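S.K.: I'll drop the sequence and a predicted model, then ask my questions.
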Amino acid sequence: MKYENIRKIVLDAILEAVDMGLVHGTSGNIALRDDTDDVIAVTPSGISYKGMTADQIAIVDLNGKWLDGPFKPSSEIPMHSAVIRARKDVKATVHTHGMFATIAAMSGELLPVTPPQTEFVPVGIVPFTMPGSNEVAERVVEALGADGRAVLIKNHGMFCCGKNMKAAMAAAIYTEEMAQTAYYAKVLGVYQPMPEEAIRKMKELIAADQAV
């Protein structure tokens, strides 16, 4: 099997996302760039993730052209490939339709409530644009900028990225957690996001690998 390693990493990640409730049914998709060749492994379109095998993960080039695999790549490959092309520091990308991230996108703001969440802010907000289009891909690239890790897409979901799959999954997990804690805190009337100075200091600690 070609590109067995990256296919297995993508498969493990999407199954983890399913188990954590970040992905339901066939919604959501994950991609990973190969370290040596200019190819990307990405989850296929419209196929149930439970029971999927590594050889069913699609392989595309950096422009999203389908190269290998029995099923066509995710319809969101323009978004994944655009971010990977634009950001040399990004190898892995995760797109989910998580409930709380989707709600937060409509509020137009997402701020950290706990220290681990600070690593992934600021979280950009992308206006609704048709899924799978080059336009949404361009807007996500723009919202991420040079070093962003997560953006929310209104009426759609969340897109996260990282230097490897572990980093991209962490961004997706903590961004959804950030949205969830903010939602419940607002419902209870106790919402108090972390102060800007605390966010700045926490981000510095995390960047220096000194976070507890």
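M.R.: On my side now, so go ahead. Please read all numbers here as calculations on a predicted model, not as lab measurements.
S.K.: what residue in the protein is the furthest from its centre?
M.R.: Note on the chain: the largest C-alpha distance from the chain mean falls to Gly189, namely 29.2 Å (CA atoms, centre = their mean).
S.K.: what about that residue, distance to Gly108?
M.R.: 20 Å (CB to CB, to the nearest Å). Any C-beta I mention is one placed from the backbone N, CA and C, and that applies to glycine too.
S.K.: what helix or strand does Met158 sit in?
M.R.: strand 157-162 (DSSP states H and E).
S.K.: so what touches that strand?
M.R.: Residues outside strand 157-162 that contact it (CB atoms under 8 Å, 6 or more residues apart in numbering): 27-28, 79, 83, 87, 90-98, 101-102, 105, 120, 140, 144, 148-153, 168-172, 175-176.
S.K.: only C-alpha atoms, please: export it in CSV.
M.R.: Extracted in CSV, the C-alpha atoms of strand 157-162 (Å, rounded to 0.1, in the frame of the first residue of the first chain):
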residue,chain,number,x,y,z
GLY,A,157,-18.1,24.2,11.8
MET,A,158,-14.4,24.5,12.7
PHE,A,159,-11.1,24.1,10.9
CYS,A,160,-7.8,23.5,12.8
CYS,A,161,-4.2,22.9,11.8
GLY,A,162,-0.8,22.0,13.3
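S.K.: now do the helices in this protein.
M.R.: For the chain, applying DSSP state H gives helices covering 4-19, 77-86, 99-107, 134-144, 165-188, 196-207.
S.K.: and the longest one, what does it pack against?
M.R.: Which is helix 165-188. Packing partners of helix 165-188 (3 or more CB pairs under 8 Å, 6 or more residues apart in numbering; DSSP states H and E): helix 4-19, strand 29-33, strand 92-96, helix 99-107, strand 150-153, strand 157-162.
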